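1. Have a look at this fold, sequence not included:
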């Protein structure tokens, strides 16, 4: 491998360093980037290490919101008493990412900036309608996830935190790949005063919402509300672990489990 | 003296553990030699292509590059092809087709990962960068991946000189007798199944270091091998033409094998040859991605089979037709596995009056296939035990009952099967009865009912098995086409102090030989366990050997060791007879002391050892100084471990998710030397079999021949959180012909478990009328099976 | 670049390329070959080391990130006098290893687990080990070892 490593002391410096690099990447926990480089699937010229930046780690409860610093690790979200009391579904999601060692290093900012189609956090960010806060602006979740590994972030834009609205109930359920531990299908369900949001990860090229399910659950927030619904498998991922029809079916199964978990947590 | 001998049947903690627990294991990748260069292989990205040219100029000019070599250069230097250790013969009397397998491909590549060139540089990074500069001009050809496609007349040929891609059309048994059985059968059960391709993935990937000593004109190869002496013979004798006394093979600590490391690989020959050319040590360490496209793979059968039964459910005959994938080249034992290690096991633990099995051995553009833990025997067990379950379902006879009706009873041993092998000993009924007890089969229906209340399908699966291991009687192996012998050797060197070094030709890579073999010596010679060292894995320190595979180490190696120990005792008695002024016949050896029978006169083992090396007053005319003996042991028969395994699973009919609820294994491994180690071997074997049944699958893209399951992201192996605690409860009968009565235990688990698990899966789905599910039974596959059985899926309500 | 950290109880300062992974520093430069490489997708757990009291994958960790850190490898578990750590002892007592290749990573994961879970269930142990692949043991005796080692660690405190 062989790359230059930059250790910026401010967001401005970090943005400047990435702009000046031939093929630069931001480094957060490195749980995706470093294995990708190890496998020689990527060979960036420069890494800009965000871990030295101030004010990027932490969990804050606001007025109906929960804000998590971009470099807060999965293990810290999973173990946080604040998250467990205000948004237990998020704590549980973070506690199920990868394996313990991934959770000791991986960060929420790194996960959503990468936007792996099978990652867990995008389901929570979209499912809760969170706001992605960067060094430049605030981006609503609905405008943030654009496609396969694609987000609304500009090349030199850095996620600094994510602000989650606290729902009245939420749940997450996933069918994980027994090999990679990524989600083959993950469904996040969140109930707010003005309606229910449902986000699906792992099943398509990018995390997505399911309006039919949202409507049904807004009308009645119970598993039976989903009984007669299904989703179309066209456009869903199909691979050796799960074909598109199975994924479509498992979206419904996981949605019901997520609702059941949301109801149980209440 | 506080240290005492530790005998057979005890469970001392392992001698080898401390070095591994403290990070002091010494694996090949840990070794650094002065002035060592690094090798990287340039591998084919295509499954099938002609090599038009290989341009190495740019790579040779890159930073840090020492040399670049191609297949053409090795060819020009007279390097031979990689040899095959077994030659099988077709039912038409024709020998198998054995196309040449150059260590580096010359004109054509035949699977993704086929090595084309090797780049040597100062560091692995430099070699890797230069490897990208090797320009290979390929002309891609259409690959053939499926065996069914490969056998069609229009199929592309993997080897131009092998028509229809058919290596061998092999058969065993009596076709006419089976036809008769089918004609008079009251019922014929039929099955079509696939035995899935597996990739062994020992946690240590393969590695090699070659060194050439110009002053001594001598080569040393450090390699991750299960059989260093065989590598010396095959590589030195048949590939590189290096005299055996000028070649040393060292296989130090090896991080798991499971068969993957019991072949002579191209990289070993290339590195050794390169070391002679560049006159420097050179090291290659495979990374995991490379391992997926360069390690030998396992299984991969397509089979149809029929079992004929009379009206009482008695077996009349078994007919089996199998296609067995060899991949792009024949590997060291490749053609032997789906033939000689498969068809002779098709009688199982049953009285099967007639058997006929034909096997088409087929080339495809996939990685070569060879032995993987169990090797042929799990495939045979899977066919038979699935078929017996299908017969039970179709005849309405209970699955335990139908097995009991046909089982060989303990008093019928030795039992000659219609397919070559004669079982010397066993008690399958005893194993089954015990398993029924331990697994609480009586309580199963209540458990099934309770699961149904929760919306889950619960299933109970049973598999019995027998295997032939302790490879192997050379006489029988020779008749089957083995090109070498399969004995084992041991030297027991008693030092003047009474300490003992054992040099043995087997290889320890997790099986606990350093402990088990020391127990044998301690038990036999009365020497303290701590005073015994087991030496293996170095052709310069160990006289000879065939290595470790086929559950042979204790059976064949342990027997050689016991035989050498007998010789030590005999010589010790001669020395004692002299020192104690008694006749040889009056000297008895008891509990570590040489005694004059009926008296209190005796000499300790250590005293005799000392006297052997300080022969001041010694009958030199009739007795040599020294106390060191060597023995070779060639077994007279295979050994036949067997057993009965029960498995319970629960399936969520709505999602296809499956949970393994319990697993009970009752195995007859013969005499148990160390119960702790035997249990560990059974655990590991069973879980690898569970891996085959539920998780593991080597998948190739049919169009391109690319390996899709080419990393740990996609090739799924069992993890701790997917498994229940297994219950191991041996029921043993001693082997009739091995010195200690041992039978071997390394492969038992892998042989019994795939059938037990899939039988449980099918039993769970019994309400849907399903009689077979292919492996691996993933949630997606189960969901499809359930969905196709019933048009609409039913939610667990 | 220069990085200072504590390794197995000893302060050290190393000069490395910015891209140097911890596992390569350990194995190639410092000859601490107990830490193993079992995959290239950061999934097998053979390379685990303890960093500031938490198990981490040394194949996905830059040495540059370790300034001021306290790192323990498998070589640092036993006492300097050679007395095995209670977890090492438990693996030995319970036949928690066969070929030994996954063992260093298993030990590090196990010690980390034990520090957090004074009285765990078998299911908790199995869940925690999801990042460690073993091909030899079927995990059964590893799980048994971790339970025994955890009990021993909390007894001896």
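-> Received the coordinates, thanks. Keep in mind that this is a model prediction, so the values were computed, not measured.
2. quick one, domains of chain C?
-> The record assigns chain C these domain ranges, following automatic domain parsing: C:2-76, C:86-155.
3. And the first one, end to end?
-> Across domain C:2-76, the terminal residues are separated by 23 Å (C-alpha to C-alpha, to the nearest Å).
4. Give me the most central residue, chain C.
-> For chain C, residue C:108 is the residue whose C-alpha lies nearest the centre (C-alpha atoms, centre = their mean; 2.5 Å).
5. List the single closest residue to the closest residue to chain B within the stretch 101-250 of chain A in space, sequence neighbours excluded.
-> As assessed by C-beta to the nearest C-beta, chain B sits closest to residue A:179 within the stretch 101-250 of chain A, at 3.7 Å. Every C-beta, even on glycine, is put in place using the N, C-alpha and C of the backbone. Counting by C-beta to C-beta, 6 or more residues apart in numbering or on different chains, residue A:179 lies nearest to residue B:716, which is 3.7 Å off, once chain neighbours are set aside.
6. That neighbour contacts residue A:181, correct?
-> No. Contact between residue B:716 and residue A:181 fails when scored by C-beta atoms under 8 Å: they sit 10.2 Å apart.
7. show me where chain C has strands.
-> Ranges of strands within chain C are C:2-7, C:10-15, C:48-51, C:54-57, C:70-72, based on DSSP state E.
8. buried set for the shortest one?
-> So that's strand C:70-72. C:71-72 (16 or more other C-beta atoms under 10 Å in any protein chain shown).
9. by contact count, what packs against it?
-> Strand C:70-72 sits against strand C:2-7, strand C:48-51, with contacts defined as 3 or more C-beta pairs under 8 Å, 6 or more residues apart in numbering or on different chains; DSSP states H and E.
10. does the shortest one come close to chain A?
-> Yes. Taking C-beta under 8 Å from any C-beta of the partner chain as the criterion, strand C:48-51 and chain A are in contact, through residue C:48.
11. Give me the sheet partners of that strand and which way each runs.
-> Within its sheet, and counting by DSSP bridges, strand C:48-51 is paired with strand C:54-57 (antiparallel), strand C:70-72 (antiparallel).
12. Turn those into a markdown table, including mean pLDDT and distance to residue C:19.
-> Formatted as a markdown table, the strands paired with strand C:48-51 follow (pLDDT from 0 to 100; distance: least, C-beta to C-beta, whole Å):
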| stretch | mean pLDDT | distance to residue C:19 |
| --- | --- | --- |
| strand C:54-57 | 98 | 16 |
| strand C:70-72 | 98 | 18 |
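13. With distance to residue C:145 added, can I get those strands in CSV?
-> Below are those laid out as CSV (distance: least, C-beta to C-beta, whole Å):
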stretch, distance to residue C:145
strand C:54-57, 16
strand C:70-72, 19
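14. hang on, the earlier thing: including distance to residue B:300, could the strands of chain C go into CSV?
-> What follows is the strands of chain C, written out as CSV (distance: least, C-beta to C-beta, whole Å):
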stretch, distance to residue B:300
strand C:2-7, 46
strand C:10-15, 47
strand C:48-51, 34
strand C:54-57, 33
strand C:70-72, 44
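15. List just the one of those strands that sits closest to residue B:683.
-> strand C:48-51 (22.3 Å; C-beta to C-beta).
16. By mean pLDDT, point me to the weakest helix or strand of the chain.
-> Since no chain was named, I'll use chain A. Counting by mean pLDDT, DSSP states H and E, chain A has its least confident helix or strand at helix A:33-38, which shows a mean of 94.
17. Would the helix or strand just after that helix count as contacting chain C?
-> Toward the C-terminus, helix A:33-38 is succeeded by strand A:46-49 as the next helix or strand (DSSP states H and E). Yes. Using C-beta under 8 Å from any C-beta, strand A:46-49 reaches chain C at A:47, A:49.
18. so how far is strand A:46-49 from its chain's centroid?
-> From the chain centre to the centre of strand A:46-49 is a distance of 22 Å (C-alpha atoms, centre = their mean, to the nearest Å).
19. and the very next helix or strand once past it, which strands flank it?
-> Using DSSP H and E, the next helix or strand after strand A:46-49 towards the C-terminus is strand A:59-61. If you go by DSSP bridges, strand A:59-61 pairs up with strand A:65-69 (antiparallel).
20. what does the strand it pairs with rub up against?
-> If you take C-beta atoms under 8 Å, 6 or more residues apart in numbering or on different chains as the criterion, strand A:65-69 is touched by A:55-61, A:77, A:82-83, A:86-87, A:90, A:108-109, A:133, A:160-166.
21. hmm, try it at 6 Å
-> Strand A:65-69 has contacts (C-beta atoms under 6 Å, 6 or more residues apart in numbering or on different chains) with A:56-60, A:86-87, A:108, A:161-166.
22. Put the buried members of these into a PyMOL selection.
-> Only the buried entries of those go into this PyMOL selection, using 16+ other C-beta under 10 Å:
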select buried, chain A and resi 56+57+59+86+87+108+161+162+163+164+165+166
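23. I'd like to know which elements the longest helix along chain A is packed against.
-> Using DSSP state H, we find that the single longest helix of chain A is helix A:244-265. Contacts defined by 3 or more C-beta pairs under 6 Å, 6 or more residues apart in numbering or on different chains; DSSP states H and E place helix A:244-265 against strand A:169-176, strand A:183-192.
24. Try it again at 7 Å.
-> When contacts are defined as 3 or more C-beta pairs under 7 Å, 6 or more residues apart in numbering or on different chains; DSSP states H and E, helix A:244-265 sits against helix A:88-94, strand A:169-176, strand A:183-192, helix B:779-789.
25. Please see if the shortest one touches chain C.
-> Think helix A:88-94. No. Helix A:88-94 stays clear of chain C (C-beta under 7 Å from any C-beta of the partner chain), getting no nearer than 13.1 Å.
26. Could I get the average pLDDT for the helix or strand following that helix?
-> With elements assigned by DSSP H and E, the helix or strand that comes after helix A:88-94 is helix A:100-103. Taken as a whole, helix A:100-103 has a mean pLDDT of 98.
27. Residue in chain C with the shortest distance to chain B?
-> For chain C, C-beta to the nearest C-beta, closest residue to chain B: residue C:34, 1.9 Å.
28. Am I right that that residue is in contact with residue C:105?
-> No. Using C-beta atoms under 7 Å, residue C:34 makes no contact with residue C:105, being 9.8 Å away.
29. what about the top helix by length along chain C, near chain A?
-> Longest helix in chain C, counting residues (DSSP H): helix C:140-156. No. On the criterion C-beta under 7 Å from any C-beta, helix C:140-156 is out of touch with chain A, staying 12.8 Å away.
30. go on, stretch B:37-51?
-> No. On the criterion C-beta under 7 Å from any C-beta, stretch B:37-51 is out of touch with chain A, staying 11.5 Å away.
31. follow-up on the earlier one: from residue A:194, how far out is the residue of chain C closest to chain B?
-> Counting by C-beta to C-beta, to the nearest Å, the gap from residue C:34 to residue A:194 is 57 Å.
32. how near is residue A:82 to chain C?
-> Distance, residue A:82 to chain C, by C-beta to the nearest C-beta, to the nearest Å: 19 Å.
33. residues touching that residue, list them.
-> By C-beta atoms under 7 Å, 6 or more residues apart in numbering or on different chains, the contact list for residue A:82 reads A:59, A:61.
34. Regarding it, what is its secondary structure?
-> Following DSSP: H, G, I helix; E, B strand; the rest coil, residue A:82 is assigned to helix.
35. helix/strand/coil for the residue nearest to residue A:179?
-> Under three-state DSSP, residue B:716 comes out as coil.
36. Look up how far residue B:291 lies from residue B:253.
-> 18 Å.
37. Please disregard the earlier target; I meant residue B:132.
-> 20 Å.
38. And residue B:724, by the same measure?
-> Residue B:724 is 29 Å from residue B:291, by C-beta to C-beta.
39. When the two are compared, which one has more neighbours?
-> Neighbour count, other C-beta atoms under 10 Å in any protein chain shown: between residue B:724 and residue B:291, residue B:291 has more, with 22 against 17.
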